[in-house]
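K.L.:
the amino acid sequence is not available; the structure is as follows:
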């Protein structure tokens, strides 16, 4: 009866038999199987232990006992049961496979692969062993060999939907996103409502910056499972990335409706409102996030950025300090703190912050540029010039460094070079032309015909 999935009825029948004869092995076995299928694992374990007490050589009782223990995440005990089964019959293929699964769950993937290999020595067409071996290889970041194993499983069963999906994941880890999408499409063709393949396809399309198609995939997942908060979050993140802030907020609101304590949804909601310059709503979102996770350095940093936009520089500084207090190596907060200290005319401290940033990030272009700005304010023009030159060695088209170099040359009354650098920066971004109109650093050359021709009235 358990084969027909009439599991409860099967258990009743087994109990009737056991009321007559407690030593009936088949009744204990069938009852245990039915309980496993009903996911009542503790009771199933009791049945298989009773059976093993009657017949310690009943190999599949040991195997099923291990399976039930594995389902309860008692992996070490499961492995002991599988080992007992294999002592009785070392050619029991399913047990080798199951032992591998328990070892994998304990992150002992090398040992798990040995078990799968033993199963495959016994039967090269055992697709589950190829599949599980691929998972362990994936865990070991051996994506190439994992793909080969998934291919073996798919050769045996071309409708092996999980193998298609996981092969796609391995290709995605190798940044072969187009090939990964082909695998996800194969899985979707087999089962159009296979949520995980739609989700993974959306992630791969996002990596390819094909946001419209990625959004379609996430919408498909939502059709299948409307309360999947991760999908709503990812959908919101795409809208945020492509500057569709109102749409992003709708998605984050949905996440919060499902999970009010989703700290990252509150944070990203705050970022979206900040981009819309709706600062009160942004502050409220950041505060809600911090009520959930007061030790989240990123949110303190974001709150600092918001107050910097409001030109409340002392408050911004306070929040950057809070982020640094949580993580003294948090480079973004050091960079932002340095910028704020510059605005507060605390230039020496500003330089110290930028140097802290450089210690933790060798890609120090922005920090080096900002150090140069602070050195200008301190009248240390030679050192500032060296900073801007370092930036321009790494990026000849860094508009900020070119503009700041122009400011410095103007302060030194070197009009010709000031105009050359200013012209280069304006060619890269017209915002520098607008900025120069009111920048007091250009007062020394403001009346020059060349400056007026470049900047306009």
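P.N.:
Structure's in. What do you need? A quick note: this is a predicted structure, and the numbers were derived from the prediction, not measured.

K.L.:
return the set of buried residues in stretch 245-260.
P.N.:
245, 247, 248, 249, 250, 251, 252, 254, 255, 256, 258 (16 or more other C-beta atoms under 10 Å). All C-beta atoms are positioned from the backbone trio N, CA, C, and that covers glycine.

K.L.:
so for it, mean pLDDT?
P.N.:
The average of the pLDDT scores along stretch 245-260 is 97.

K.L.:
now that stretch: how far from the chain's centre is it?
P.N.:
Distance, stretch centre to chain centre, for stretch 245-260: 18 Å (C-alpha atoms, centre = their mean, to the nearest Å).

K.L.:
same thing with stretch 94-108?
P.N.:
Put simply, stretch 94-108 sits 26 Å off its chain's centre (C-alpha atoms, centre = their mean).

K.L.:
before we move on, back to that, please flag which of the buried residues of stretch 245-260 sit within helices.
P.N.:
245, 247, 248, 249, 250, 251, 252, 254, 255, 256, 258 (DSSP state H).

K.L.:
next, the contact list for the third one, please.
P.N.:
Residues in contact with residue 248, defined by C-beta atoms under 8 Å, 6 or more residues apart in numbering, are 236, 237, 239, 240, 268, 269, 272.

K.L.:
what's around the fourth one, how many residues?
P.N.:
Other residues near residue 240 number 20, with proximity taken as other C-beta atoms under 10 Å.

K.L.:
quick one: the spatially closest residue to it that is not a sequence neighbour from residue 270, how far?
P.N.:
Computed as C-beta to C-beta, 6 or more residues apart in numbering, the closest residue to residue 240 that is not its neighbour in sequence is residue 248, at 4.2 Å. Counting by C-beta to C-beta, to the nearest Å, the gap from residue 248 to residue 270 is 11 Å.

K.L.:
swap in residue 249?
P.N.:
With distances taken as C-beta to C-beta, residue 249 is found 10 Å from residue 270.

K.L.:
do residue 263 as well
P.N.:
11 Å.

K.L.:
so those two - more neighbours on which side?
P.N.:
Between residue 263 and residue 270, counted using other C-beta under 10 Å, the more crowded position is residue 270 (27 against 17).

K.L.:
let's verify the more buried one: helix, strand, or coil?
P.N.:
Here residue 270 takes the helix state, with states given by DSSP: H, G, I helix; E, B strand; the rest coil.

K.L.:
by neighbour count, which of the contacts of residue 248 wins?
P.N.:
Neighbour max across the contacts of residue 248 (other C-beta under 10 Å) = residue 269, 29 neighbours.

K.L.:
shaky segments in this protein?
P.N.:
1-5, 361-363, 457 (pLDDT under 70).
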